[in-house]
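Chemist: Here is the input, now give the coordinates:
(one chain, ligands or ions: 1)
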Amino acid sequence: MIYRYLFIILIFFQFSCNEATTETGVISNNAMVVTAREEASKIGVEILKKGGNAFDAMVATELALAVAYPYAGNIGGGGFMVFRKNDGEVGSLDYREKAPIGATRDMYLDKNNNVIEGLSTVGGLAVGVPGTIAGVFEVYEKYGTLKIEEIFQPVIDLALKGVVVTKKQEARLKQYYSEINNKKTFWNGSENVQYDKSSLWKKVWNEKDTIKYTALAKTLKRIMSNGKKEFYEGKTASELVKFVQKNGGIITLEDLKSYQPKWRKPVIFEYDDLKIISMAPPSSGGICLEQIMKMINPFDLQKYGHNNVDYIKLLVEAERRAYADRSFYLGDPDFNEIPYKKITSDEYLSTRMKDFSFSTPTLSKDLNPGKINITESNETTHYSIVDQFGNSVSVTTTLNAAYGSKLYSDELGFFLNNEMDDFSSKPGVPNMYGLVGSEINQIEPGKRMLSSMTPTIVEKNNDLYMVLGTPGGSTIITSVLQTILNVHEFKMTMQQAVNAPRFHHQWLPDVILFETTGFDKKITDKVAADGYKTHFDSSRITSKVEGILILNDGKIEGGADKRGDDTAVGF
Ligand code: DON
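Modeler: Prediction:
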C-alpha cells in the first residue's frame with residue numbers, strides 16, 4: 001500500500017514540476033515554447049508571460065537562438081514561419097535568403113565546367129542575402145503586440161550576460177574549430193582568398209565556459225533602435241557588405257536594400273481526420289509531405305506496426321517517389337511554374353503507387369532519370385510555440401551548414417549563411433546529401449534556393465492539434481512525417497514521438513538510412529533480405545524535432561528532441 005502511495009506521489013510530482021520524462025514531455029496549462037536551447041525557450045516564455053502573443057515570442061525566440069545557438073540560430077540567415085491564429089486563420093512567411101543580384105548560373109564552375117569544391121559552402125561567395133531580420137520585423141509589424149524594446153531587451157541582456165557552453169556545444173565547436181578558424185582558402189572567381197579570422201572563435205571553448213556576445217548585443221541594440229532599416233540600409237548593412245566583399249562575396253547594398261520577405265499561402269491537405277498545414281515553395285517540405293502522406297493514406301499502418309517491415313517498406317516507397325518529384329518539379333515559385341495541383345492530386349499519386357509492392361523494391365534508377373542536381377546541407381534549427389491565447393507558430397530557421405559559411409564578423413557578432421549551396425551548382429552533380437534535382441533550381445539573380453524545411457501545424461476536428469518541425473537537411477521531411485504518424489497512428493506522446501528512432505529514403509542514393517540505435521535488427525535484416533540497401537548512420541539523420549501536442553483535456557505537451565540540448569518550457 002505504502003508503495004502505491006509513493007508511486008502516486010511520484011507521478012504527481014513529475015507533472016507538477018513541469019519536468020520532462022522519457023514517456024511524456026513537459027505538460028502545461030497555458031502555453032509552450034520548444035527550442036534547441038533552454039535559454040531561447042525561456043525567453044520565448046518570458047515574452048508570453050508579459051502578455052505577448054506567439055508572434056511577439058517568435059521574434060524574441062528567433063533572436064535568442066541567434067545568441068544561444070550560433071550553430072544554426074541566426075540573423076545572418078533565413079527561414080520560414082507557418083502560423084495558425086486562434087480564430088483558425090492560417091498563413092506562412094517566407095524569409096528565405098536570395099541569390100545576390102550579381103549571381104550567375106555557373107558561378108561555382110571552373111572553366112572546364114566542373115564544380116569548384118567549397119566555393120558554394122565556405123567564404124563570401126557562399127552567402128545568400130539574409131532574410132531573418134526582415135522576417136522578424138514583418139511578423140512583428142503585422143501581428144506583434146508588445147513594444148519592440150520589450151522583445152529585444154531580454155535577448156540583448158542574454159547576449160551581454162553570456163551563454164554557458166553545454167557538452168554537446170563543446171563537441172560541435174571542436175568539430176568545426178579548424179573550419180571556422182581559417183585553415184582553408186577559397187577561390188573568389190579570380191584568386192585564392194583566406195577569409196577573416198574571428199577572435200571570438202579563436203579561443204577553444206569548453207563545457208561550462210560562458211561565451212559573451214558583446215558585438216551581437218551592440219548590433220541588436222542598433223536594430224532595436226533603428227528597426228529593420230538598420231540591417232538593410234544602415235551601419236550594419238554597410239559593415240556587412242564590406243565584410244562579405246572582403247571575403248570574396250558579391251553582396252551589395254542594393255541587394256540588402258531590395259530584400260523583401262513574402263507572405264505565402266501554405267500547403268494544406270488532409271490525412272484521415274487531420275488537416276496538415278505546412279510550408280509551400282520555395283520549400284519542398286509541404287508538397288513532399290503531402291505527396292507522401294497521400295500515398296500512404298490508403299494503407300493500414302497500424303496493422304503493419306511502428307518501424308516494422310511493411311511499415312518501413314511502405315514509407316520508403318512513398319518517400320522515393322516524392323523525392324524524385326521534388327528534384328524535377330520544385331523550386332522558387334517566383335521564378336518557375338510549380339505544378340502543385342497535378343503532383344498532389346489523388347489520381348496522380350495513386351498512379352505513382354501502382355507499381356508498389358511489398359515483395360519487390362522499386363529501383364530508384366527505374367523510377368526517374370536522375371540527370372540533375374539539388375544542393376542542400378547541414379545545420380538548421382526549429383522552434384514551436386503555442387501561446388496562452390491559442391495562437392501557434394512553427395518556425396524553421398537556418399544558416400544552412402553548421403556555422404553557415406564559417407564567416408563570422410567580429411564587428412557585427414554573427415555568422416553568415418552558406419545558403420547558396422542549396423541551389424543546383426551544376427546539373428548531375430549530387431550535393432553533400434546526395435540530393436539530385438533539376439534546372440528549376442539553378443542560380444538566378446534574386447532567386448530563392450530550394451529548401452526542405454517543413455515547419456508544420458496540424459489541426460484535428462478544426463482545432464489546433466500539433467506544432468512541429470526540425471532541422472536535418474533532406475531528412476527534415478521524413479522526420480516530420482514520422483513524428484506525425486507516431487502520434488496519430490501509434491498513439492505516442494509527443495515526447496515519445498520525437499524520441500522514436502527514425503529512418504529515411506530520398507530516392508537517390510537508393511538506400512534506406514537508419515539511425516544506429518532503436519531498430520530491431522531482425523526487422524532491418526528482413527528489409528535488407530527483401531532487396532533494400534540499408535545503411536546505419538546516426539550522424540546523417542541530423543533532425544531534432546521540436547513538437548507541441550494539444551492533449552484531450554486541453555493541456556499542452558512539449559516534446560523536445562533528446563538528441564540535442566533541446567528544451568520545452570511551458571507555463
Ligand atoms: O533549407 C534547407 O533545406 C537546408 N538549408 C536546411 C539545412 C538543414 O536542415 C541542416 N540541418 N541539419
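Chemist: make it CA atoms for all contacts and neighbour counts henceforth
Modeler: OK.
Chemist: quick one: Ser424 and Ile101, what's the gap?
Modeler: Here Ser424 is placed at a distance of 17 Å from Ile101 (Cα to Cα, to the nearest Å).
Chemist: Let me fix that, I meant to ask about Phe269.
Modeler: Between Phe269 and Ile101 the computed distance is 36 Å (Cα to Cα).
Chemist: More neighbours: which of Ser424 and Ile101?
Modeler: Residue environment comparison for Ser424 versus Ile101 gives the larger neighbour count to Ser424, 30 against 17, counting by other Cα atoms under 10 Å.
Chemist: is it true that the more buried one touches Glu444?
Modeler: No - Ser424 is beyond contact range of Glu444, at 10.6 Å (criterion: Cα atoms under 8 Å).
Chemist: Buried residues of the biggest helix by length in the chain, list them for me.
Modeler: Among the elements of type helix in the chain, defined by DSSP state H, the one spanning the most residues is helix 309-329. Taking 16 or more other Cα atoms under 10 Å as the basis for neighbour counts, the residues of helix 309-329 that come out buried are 309-329.
Chemist: near the ligand, which of the residues you listed show up?
Modeler: Near the ligand, judged by Cα under 6 Å from any ligand atom, there are no entries from the buried residues of helix 309-329.
Chemist: burial count for the closest residue in space to Leu314 that isn't next to it in sequence?
Modeler: Distance criterion Cα to Cα, 6 or more residues apart in numbering; nearest residue to Leu314, sequence neighbours excluded, is Ile296 at 6.9 Å. Residues lying near Ile296 (other Cα under 10 Å) number 20.
Chemist: and Ile296, backbone torsions?
Modeler: According to degrees, to the nearest 10, the main-chain angles of Ile296 amount to phi -90, psi -10.
Chemist: pLDDT value on it, please?
Modeler: At Ile296, the model reports a pLDDT of 98.
Chemist: which ones are touching it?
Modeler: Residues near Ile296 by Cα atoms under 8 Å, 6 or more residues apart in numbering: 314-315, 318.
Chemist: want to throw those residues into CSV with distance to Glu347 and pLDDT?
Modeler: Compiled in CSV, those are given as follows (distance: Cα to Cα, whole Å; pLDDT from 0 to 100):
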residue, distance to Glu347, pLDDT
Leu314, 18, 98
Leu315, 19, 98
Ala318, 15, 97
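Chemist: for these, which one is nearest Leu158?
Modeler: For the contacts of Ile296, the closest approach to Leu158 (Cα to Cα) belongs to Leu315, at 42.7 Å.
Chemist: Quick check: Asp106 vs the ligand, distance?
Modeler: When distances are taken as Cα to the nearest ligand atom, to the nearest Å, Asp106 and the ligand turn out to be 20 Å apart.
Chemist: do the same with Val26
Modeler: 24 Å.
Chemist: my read: that residue touches Phe571, true?
Modeler: No - applying Cα under 8 Å as the test, Val26 and Phe571 come out as separate, 9.7 Å apart.
Chemist: Looking at the two, which is more packed in?
Modeler: When Val26 and Phe571 are compared for neighbours, Val26 comes out ahead with 27 against 18, by other Cα under 10 Å.
Chemist: What distance do you get for that one to Met32?
Modeler: The spacing between Val26 and Met32, counted by Cα to Cα, is 9 Å.
Chemist: overlap in contacts of those two?
Modeler: Common contacts of Val26 and Met32 (Cα under 8 Å, 6+ apart): 557-558, 568-570.
Chemist: Mind jotting down where the strands sit in the stretch 201-350 of the chain?
Modeler: Taking DSSP state E, counting those that start in this stretch as the test, the strands found in the stretch 201-350 of the chain are 210-211, 262-264, 267-271, 274-278.
Chemist: Next: the stretch 401-550 of the chain.
Modeler: Secondary structure of the stretch 401-550 of the chain, counting by DSSP E, counting those that start in this stretch: strands at 408-409, 414-415, 456-460, 463-468, 503-504, 512-514, 534-536, 546-550.
Chemist: So which of these is nearest Glu150?
Modeler: Distance to Glu150, taken as Cα to Cα, is lowest for strand 414-415 among those, at 22.0 Å.
Chemist: which residues are in contact with the closest one?
Modeler: The list of residues contacting strand 414-415 from outside it, by Cα under 8 Å, 6+ apart, reads 66, 70, 74-76, 216, 399, 403-409.
Chemist: what lines up beside that strand in the sheet?
Modeler: Here the strand partners of strand 414-415, with direction, are listed using DSSP bridges: strand 408-409 (antiparallel).
Chemist: From the chain's centroid, how far away is the strand it pairs with?
Modeler: Per Cα atoms, centre = their mean, to the nearest Å, the displacement of strand 408-409 from the mean C-alpha position of its chain is 22 Å.
Chemist: now do stretch 53-68
Modeler: Relative to its parent chain, stretch 53-68 has a centroid offset of 15 Å by Cα atoms, centre = their mean.
Chemist: about what we covered before: packing partners of the longest helix of the chain?
Modeler: When contacts are defined as 3 or more Cα pairs under 8 Å, 6 or more residues apart in numbering; DSSP states H and E, helix 309-329 packs onto helix 285-296, helix 301-304, helix 364-367, helix 521-529.
Chemist: closest one to the ligand among the ones you listed?
Modeler: Smallest distance to the ligand across those (Cα to the nearest ligand atom): 8.2 Å, for helix 285-296.
Chemist: tilt between the closest one and strand 267-271?
Modeler: Between helix 285-296 and strand 267-271, the angle comes out at 20 degrees (axes from the mean of the first three to the mean of the last three Cα atoms, to 10 degrees).
Chemist: CA atoms of helix 285-296 as PDB?
Modeler: Extracted as PDB, the C-alpha positions of helix 285-296 are listed here (Å, rounded to 0.1, in the frame of the first residue of the first chain):
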ATOM      1  CA  GLY A 285       8.700  20.400 -47.400                       C
ATOM      2  CA  GLY A 286       4.900  20.900 -47.600                       C
ATOM      3  CA  ILE A 287       4.400  19.400 -51.000                       C
ATOM      4  CA  CYS A 288       6.700  16.400 -50.400                       C
ATOM      5  CA  LEU A 289       4.900  15.800 -47.100                       C
ATOM      6  CA  GLU A 290       1.500  16.000 -48.800                       C
ATOM      7  CA  GLN A 291       2.600  13.600 -51.500                       C
ATOM      8  CA  ILE A 292       4.000  11.000 -49.100                       C
ATOM      9  CA  MET A 293       1.000  11.200 -46.700                       C
ATOM     10  CA  LYS A 294      -1.500  10.900 -49.500                       C
ATOM     11  CA  MET A 295       0.400   7.900 -51.000                       C
ATOM     12  CA  ILE A 296       0.400   6.000 -47.700                       C
END
